[in-house]
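Asker: curious how this folds, go ahead:
(chains A, B, C and D)
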2 protein chains.
Amino acid sequence: MASPDTRTQILDAAERLFAERGFRGTSIRAITDLAGANLAAVGYHFGSKAELLAAVARRVVEPINAAQCAGLDRLLARTPDPTVAELVETFAGPLFDEMPAGDESGERTSRLIVTIIGDPAEEMRSWTGPAEDAVRDRYLAAFGRALPGLSADELWFRLRGILAVTAVDRVEVYHRRLPDCMPPMAGEAARRWAITFLAAAMSAPPTAD
Amino acid sequence: MASPDTRTQILDAAERLFAERGFRGTSIRAITDLAGANLAAVGYHFGSKAELLAAVARRVVEPINAAQCAGLDRLLARTPDPTVAELVETFAGPLFDEMPAGDESGERTSRLIVTIIGDPAEEMRSWTGPAEDAVRDRYLAAFGRALPGLSADELWFRLRGILAVTAVDRVEVYHRRLPDCMPPMAGEAARRWAITFLAAAMSAPPTAD
DNA sequence: CCTGCTTTCATACGTTCGTTTGAAACGAGC
DNA sequence: GCTCGTTTCAAACGAACGTATGAAAGCAGG
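Answerer: Residues are numbered from 1 along each chain as shown, chains lettered A, B, ... in the order given. The predicted structure is shown next:
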């Protein structure tokens, strides 16, 4: 931990390359080359390629989780029973703040998250900790109070819908799979569209059995 | 094209393994072993690993696209101005019919699609054709008529939201990342929850500028 | 200047990968 | 039953990969 330089530069390079080429598509050699470090530096500082990915993922997810948690604290301090729209804004907002569209690094973060979520390998999902679970459970409880009558199963389905829309949304932008007529979305517009879209979706009455 | 046996068995094996392990995580050797074929059979029948993926993707997407197209035909024959809910049902329904949750092969298909969408490599998105674009444009036009006042940009954003929710949704189920308390969703329930969720989302009034 | 610890470095190992090749096996048409 | 186009096969090639190793370099404290 003496010289944070090499370690941090490897993290930066890995974050960029994992997002751009995927985990398996990125070689340790490419990472250390971009970081200006020696090939063996990854093994020394992180142990293995998989543990490097975990470190990258933690560094990306932590501020998002913290912002979601702090936002919920502020909201609940203001009103004990927030509306669905307020909860959506508080939950989804940090996903946009930490992954600003239009900003290259924000799109890269979106890509990285989808890369991790989409990869079937087991090592890709061993980095989540109790902090992520705690935030998720707090929001589940808050949404549950704002949406009485919604079953736990359907509520869980809807919360995952929020994640799907916010995470996947920008991937196609990053991949330039948009139709030619469609310019990349302005960052603020996408945020407002997503809130509109998701608040309406979350507020839907329970599905009749 | 004389013996469809080997070719088809390679397609089947590749579809399964690409979904389970990702594109880069699957070796040609693993595919041909599972298919009971020779290593060189992939090169002979498909040319390369990337072209094999394209063939697999086309075989998966084609029936979905055809069903979406036929459904829209039937709907428009019945009423010239379908509601948003009808359009959502017609668009998202085939995604569930062809990828039934609860069914192992359906979850595998969801996984495969997310694997393809999430992979940054260029060869992963060279398989789409004009048929996909045509269906997308038809639905964009139909939704546009049902949602006057919505800008083309925001409409496009929402259509991608449908894809995100339906495709990503089952990935975590497949990956068993659900909280322990949560059993995999029943197939029919997920379909109805998704329609509810997405119809409400699509019907939201345009975002104020 | 020496010592002990951390960090960097060049290099090598063993594996696995996608692709190619040239011959063998097959199968319908005459 | 021979022929020719199609399909299978075993084998090999070169390249790229993750990881390990042991020496060198840097750098505090004495």
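Asker: report the longest helix in chain A, please.
Answerer: Secondary structure of chain A per DSSP state H: the longest helix is helix A:49-78.
Asker: are that helix and chain B in contact anywhere?
Answerer: No. Helix A:49-78 lies out of reach of chain B by C-beta under 8 Å from any C-beta of the partner chain, never closer than 12.9 Å. Backbone N, C-alpha and C define where each C-beta goes, glycine included.
Asker: could you check that helix against DNA strand C for contacts?
Answerer: No. Contact of helix A:49-78 with DNA strand C (C-beta under 7 Å from any atom of the strand) is absent, the minimum separation being 12.5 Å.
Asker: and that helix, average pLDDT?
Answerer: Across helix A:49-78, the average pLDDT comes to 94.
Asker: quick check: residue A:156 vs residue B:66, distance?
Answerer: Distance, residue A:156 to residue B:66, using C-beta to C-beta, to the nearest Å: 32 Å.
Asker: correct me, but residue A:140 touches residue A:159?
Answerer: Yes. Contact criterion C-beta atoms under 8 Å: residue A:140 and residue A:159 qualify, at 6.3 Å.
Asker: could you tell me which residues touch both of the two?
Answerer: Here residue A:140 and residue A:159 share no contacting residue, scored by C-beta atoms under 8 Å, 6 or more residues apart in numbering or on different chains.
Asker: residue A:156 and residue B:66: who's more crowded?
Answerer: Using other C-beta atoms under 10 Å in any protein chain shown, the more surrounded residue of residue A:156 and residue B:66 is residue A:156, with 21 against 14.
Asker: what pLDDT does the model give the more buried one?
Answerer: If you check residue A:156, the pLDDT there is 88.
Asker: distance of it from residue B:207?
Answerer: The gap separating residue A:156 from residue B:207 is 27 Å, by C-beta to C-beta.
Asker: and stretch A:126-141, is it in reach of DNA strand D?
Answerer: No. Residues of stretch A:126-141 are not located near DNA strand D by C-beta under 7 Å from any atom of the strand, the shortest gap being 13.4 Å.
Asker: using PDB, list the CA coordinates for that stretch.
Answerer: Only the C-alpha atoms of stretch A:126-141 are listed here, as PDB (Å, rounded to 0.1, in the frame of the first residue of the first chain):
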ATOM      1  CA  SER A 126     -18.500 -12.600  -6.100                       C
ATOM      2  CA  TRP A 127     -17.700  -8.900  -5.300                       C
ATOM      3  CA  THR A 128     -21.000  -7.700  -4.000                       C
ATOM      4  CA  GLY A 129     -21.200  -7.300  -0.300                       C
ATOM      5  CA  PRO A 130     -23.700  -6.800   2.400                       C
ATOM      6  CA  ALA A 131     -23.800  -3.000   1.700                       C
ATOM      7  CA  GLU A 132     -25.600  -3.700  -1.600                       C
ATOM      8  CA  ASP A 133     -28.000  -6.000  -0.100                       C
ATOM      9  CA  ALA A 134     -28.800  -3.500   2.700                       C
ATOM     10  CA  VAL A 135     -29.600  -0.700   0.300                       C
ATOM     11  CA  ARG A 136     -31.800  -2.900  -1.800                       C
ATOM     12  CA  ASP A 137     -33.700  -4.100   1.200                       C
ATOM     13  CA  ARG A 138     -34.300  -0.600   2.500                       C
ATOM     14  CA  TYR A 139     -35.700   0.500  -0.900                       C
ATOM     15  CA  LEU A 140     -37.800  -2.600  -1.100                       C
ATOM     16  CA  ALA A 141     -39.300  -1.700   2.300                       C
END
